[in-house]
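In: compute the structure for the input listed below.
(chains A and B)
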There are 2 protein chains.
Amino acid sequence: MIRIGIDLMGNDNSPETLLLTLKELELGPSVEFVAFGLPAYKAICPFEYIETPEFISMDDHPLSALRQKKEASLCVGLRYLKEQKINAFVSAGNTGALVTGAKVIVGNLPGILRPALLARVPTKKEPVAVLDVGANVQVKACHLVQFALLGTAFVKIHGVDKPTVGLLNIGSEAIKGTSELRLAYQELKTMPEAPFHFAGNIEGKSVFDGNVDVLITDGFTGNVFLKTAEGIASLILDRFGSLLPPQEYEKLGPQIRDLSGHLHYAEYPGAILAGAGGIVIKCHGYSTPRAFLNAIAGAAQLVRGNFMEEIRKASKRTRYPLFSSLKNKKM
Amino acid sequence: MIRIGIDLMGNDNSPETLLLTLKELELGPSVEFVAFGLPAYKAICPFEYIETPEFISMDDHPLSALRQKKEASLCVGLRYLKEQKINAFVSAGNTGALVTGAKVIVGNLPGILRPALLARVPTKKEPVAVLDVGANVQVKACHLVQFALLGTAFVKIHGVDKPTVGLLNIGSEAIKGTSELRLAYQELKTMPEAPFHFAGNIEGKSVFDGNVDVLITDGFTGNVFLKTAEGIASLILDRFGSLLPPQEYEKLGPQIRDLSGHLHYAEYPGAILAGAGGIVIKCHGYSTPRAFLNAIAGAAQLVRGNFMEEIRKASKRTRYPLFSSLKNKKM
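Out: Numbers count the residues shown, from 1 in each chain, chains lettered A, B, ... in the order given. Take a look at the predicted model:
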């Protein structure tokens, strides 16, 4: 039995809306849900419900909230994950609180310096796994190298055995970008027995050609990358709507909605906190209920695919000799 | 008479192609061109031609190239600009060499710490001026504040008197992003008699709503932003092509090409090096000849609009008291 914990609180959708939508989700008899939220919503919940007296809001400061609201739905859910009472935890709440809470309550995998938020982004071919999309605003070269290993573990679940990894940069030459990027480039290029093929630096425009399976970057740039993609998608679909005659646009309706959904971050199945000691998935605060469902389905897939086992192997891989020399150089 | 210098060398288009395309450009009798390139192309040039014995290629290291190739087309063109023999200089060559060359040969405007590359990006409303899109990989808060003033001077030429300025960040709250971004936020928020309205932090997805006239960011993030927008535009247009029945897509041909052109960075009129002591415009190495023409037309517009006068006013504005306190804090 796969048990998925769901944080009903602290996002733009009301707990009622989320519960109503959750009723529609069919993941088979082997999956059950555990919802975490204020007592008021227990009566309308059709499955297991854990009452929590408080919650962390979007505006709360992550660290103070974690200290002061130990019984918030987000914290209780993470404790359930730590104690293996659930196999995955999905939240659309405060990102900072979720990332820091996962570190404090669940802990990182051994050897992992900084877990990273990983999101799948559509390309002309298969989706690319992009990390970090927002957990770490500034990173060192050693973190970027770990992200490559974490991303590799993730795409293995999706059937790619030796993935191609690219480093998001502003030009393909090895000398491009910040000193940390240049150092990460050298390390990725020369890593012995790497479980991936390193494709070098990749520019934002080439990412969408779909020639890399994993794209690594710091959490600031990755977040800008993701949100820019969403913004321009909305701009183009908007313009197309005004270009096409209404009846034509209407005819294309289902396909356009599908395309738009795939390109719209809010519809995308959330970001996985890769490197944490359990499966933690972050949805956007403005996620649609459908995106929330996608995230839950994604969580079930990760549990079935033994994601934690793959990621544990990757975390062992982080202790190879070259990496420690890198750590001495730049920490 | 407006004289525009054109660097024929060091980009993906051959000098022949550029010269052929340039013949088509009609900017009126008040504009004349001066081309800079190898002697071999002089015979086919229909206007003034300055022979240079060498050129800087894309693969050259910017600093060494500037030291070793003082007679390269890029260097000679910048000297003409410095000596006011031309009013603007357009190049699609090596970005690093052009940015550094402009600093060394033409010089920065007084008070300007770091010129920034400024590009116009389409939105749901008017285009937004984004800077820096690639001149400075890492910046301090004081540079970001100057970028706001430089961007303001630029959009004034385009008729916006008191523009709205946004800071590209990963969330709207003042505490988001790096320490330099937070410092710049405070400074922009409290700047006395600012010639702009500060809209605070703007996320990548909101930029395209068109609610800010100027978007400021470091050159690394700005470059990723620009190229991501280009990449996703190409992805979407590609998918639309396969969605629409061929005859429908054909019917929409001109509008789609127009839309695509506006969203395609390669068609966009180049980036202006705002803060340099003269009008320097950088086109992409992979710019289409049409984009090159757009850049030249853009250069003529800047000369006519007295861009250098506006930008000089902005550079004087950089020496207000608060700014120097900021410089003391973080330099």
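In: from now on I want contacts and neighbour counts done on CA atoms only, so please keep to that.
Out: OK.
In: ok, which stretches of chain A are helices?
Out: Listed in chain order, the helices of chain A (DSSP state H) span A:15-24, A:62-68, A:73-82, A:95-101, A:141-157, A:179-190, A:204-207, A:219-243, A:246-251, A:253-263, A:289-304, A:307-317, A:321-329.
In: and those: which comes nearest residue B:239?
Out: helix A:253-263 (8.0 Å; CA to CA).
In: which bits of the stretch 201-331 of chain A sit near chain B?
Out: A:203-209, A:220-221, A:223-233, A:235-236, A:243-244, A:252, A:255 (CA under 8 Å from any CA of the partner chain).
In: let's go with 6 Å and repeat that
Out: Selection of the stretch 201-331 of chain A residues close to chain B by CA under 6 Å from any CA of the partner chain yields A:204-205, A:208, A:224, A:227-231.
In: picking that back up, adding mean pLDDT and mean neighbour count, write the helices of chain A out as JSON lines.
Out: JSON lines is the format used below for the helices of chain A (pLDDT from 0 to 100; neighbours: other CA atoms under 10 Å in any protein chain shown):
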{"stretch": "helix A:15-24", "mean pLDDT": "87", "mean neighbour count": "15"}
{"stretch": "helix A:62-68", "mean pLDDT": "95", "mean neighbour count": "15"}
{"stretch": "helix A:73-82", "mean pLDDT": "98", "mean neighbour count": "25"}
{"stretch": "helix A:95-101", "mean pLDDT": "95", "mean neighbour count": "21"}
{"stretch": "helix A:141-157", "mean pLDDT": "93", "mean neighbour count": "25"}
{"stretch": "helix A:179-190", "mean pLDDT": "94", "mean neighbour count": "18"}
{"stretch": "helix A:204-207", "mean pLDDT": "91", "mean neighbour count": "23"}
{"stretch": "helix A:219-243", "mean pLDDT": "84", "mean neighbour count": "22"}
{"stretch": "helix A:246-251", "mean pLDDT": "70", "mean neighbour count": "12"}
{"stretch": "helix A:253-263", "mean pLDDT": "62", "mean neighbour count": "16"}
{"stretch": "helix A:289-304", "mean pLDDT": "87", "mean neighbour count": "21"}
{"stretch": "helix A:307-317", "mean pLDDT": "84", "mean neighbour count": "19"}
{"stretch": "helix A:321-329", "mean pLDDT": "47", "mean neighbour count": "13"}
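In: and of the residues of the stretch 201-331 of chain A next to chain B, the nearest to residue B:192?
Out: Looking across these and measuring by CA to CA, the closest to residue B:192 is residue A:224, at 29.7 Å.
In: quick one on the thing from earlier: return the closest of the residues of the stretch 201-331 of chain A next to chain B with respect to residue A:275.
Out: residue A:224 (21.6 Å).
In: what sits against the closest one?
Out: residue B:204 (CA atoms under 6 Å, 6 or more residues apart in numbering or on different chains).
In: try 10 Å
Out: A:133-134, A:230, B:168-171, B:203-205, B:221-222, B:224-225, B:228 (CA atoms under 10 Å, 6 or more residues apart in numbering or on different chains).
In: same check, this time on residue A:21
Out: With CA under 10 Å, 6+ apart, residue A:21 has these contacts: A:15, A:289-290, A:292-293.
In: follow-up on the earlier one: dump the residues of the stretch 201-331 of chain A next to chain B into a markdown table; add distance to residue B:309 as well.
Out: Formatted as a markdown table, these follow (distance: CA to CA, whole Å):
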| residue | distance to residue B:309 |
| --- | --- |
| A:204 | 35 |
| A:205 | 35 |
| A:208 | 41 |
| A:224 | 34 |
| A:227 | 36 |
| A:228 | 33 |
| A:229 | 36 |
| A:230 | 38 |
| A:231 | 34 |
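In: looking at the contacts of residue A:21, spot the one nearest residue A:96.
Out: Taking CA to CA as the measure, residue A:96 sits nearest to residue A:292 out of these, at 18.6 Å.
In: so who does the nearest residue to residue A:62 once chain neighbours are set aside touch?
Out: Closest residue to residue A:62 apart from its sequence neighbours, by CA to CA, 6 or more residues apart in numbering or on different chains: residue A:97 at 4.3 Å. Taking CA under 10 Å, 6+ apart, we find residue A:97 in contact with A:56-58, A:60-66, A:74-75, A:103.
In: could you do residue A:146 as well?
Out: Contacts of residue A:146 (CA under 10 Å, 6+ apart): A:111-116, A:152, A:184, A:188, A:216, A:275, A:314-315, A:317-318, A:323.
In: bridging residues for the residue nearest to the spatial centre of chain A?
Out: In chain A, the residue lying closest to the centroid (CA atoms, centre = their mean) is residue A:271, at 1.7 Å. Beta-bridge pairing for residue A:271 (DSSP bridges): residue A:282.
In: hmm, it is touching residue A:295, no?
Out: Yes: if you go by CA atoms under 10 Å, residue A:271 and residue A:295 touch, sitting 8.1 Å apart.
In: what do these two both touch?
Out: A:90, A:281-283.
In: mind putting those residues into JSON lines with neighbour count and pLDDT?
Out: Putting the shared contacts of residue A:271 and residue A:295 into JSON lines (neighbours: other CA atoms under 10 Å in any protein chain shown; pLDDT from 0 to 100) gives the following:
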{"residue": "A:90", "neighbour count": "29", "pLDDT": "95"}
{"residue": "A:281", "neighbour count": "26", "pLDDT": "95"}
{"residue": "A:282", "neighbour count": "24", "pLDDT": "92"}
{"residue": "A:283", "neighbour count": "28", "pLDDT": "86"}
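In: okay if I get these as JSON lines plus distance to residue B:5?
Out: Listed next are these as JSON lines, based on distance: CA to CA, whole Å:
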{"residue": "A:90", "distance to residue B:5": "58"}
{"residue": "A:281", "distance to residue B:5": "54"}
{"residue": "A:282", "distance to residue B:5": "52"}
{"residue": "A:283", "distance to residue B:5": "51"}
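In: which of those lies closest to residue B:46?
Out: residue A:283 (59.5 Å).
In: quick one: that closest one from chain B, how far?
Out: 15 Å (CA to the nearest CA, to the nearest Å).
In: against residue A:134, how distant is that residue?
Out: 12 Å (CA to CA, to the nearest Å).
In: so what sits against both of those two?
Out: A:95, A:271.
In: burial check on residue A:166, number of neighbours?
Out: Neighbourhood size, residue A:166 [other CA atoms under 10 Å in any protein chain shown]: 25.
In: list the contacts of it.
Out: By CA under 10 Å, 6+ apart, the neighbours of residue A:166 are A:130, A:148, A:185, A:188, A:197-203, A:207, A:211-217.
In: again, only using 8 Å
Out: Each residue near residue A:166 by CA atoms under 8 Å, 6 or more residues apart in numbering or on different chains is listed here: A:198-202, A:212-216.
In: ditto for residue A:5
Out: Counting by CA under 8 Å, 6+ apart, residue A:5 touches A:33-36, A:77, A:81, A:86-90.
In: for residue A:134, give its distance to residue A:272.
Out: Distance of residue A:134 to residue A:272, given as CA to CA: 11 Å.
In: report pLDDT for residue A:265.
Out: On pLDDT, residue A:265 comes in at 51.
In: residue A:300 and residue A:307, how far apart?
Out: 10 Å.
In: ok, and the closest non-adjacent residue to residue A:140?
Out: Distances taken as CA to CA, 6+ apart put residue A:180 closest to residue A:140, at 5.7 Å, once the chain neighbours are dropped.
In: pull up the gap between that neighbour and residue A:245, please.
Out: For residue A:180 relative to residue A:245 (CA to CA), the value is 50 Å.
In: could you do residue A:127 as well?
Out: For residue A:127, the distance to residue A:245 - CA to CA - is 31 Å.
In: and the two? Which one has more around it.
Out: Legend: neighbour count by other CA under 10 Å for residue A:127 and residue A:245, higher for residue A:127 (20 against 10).
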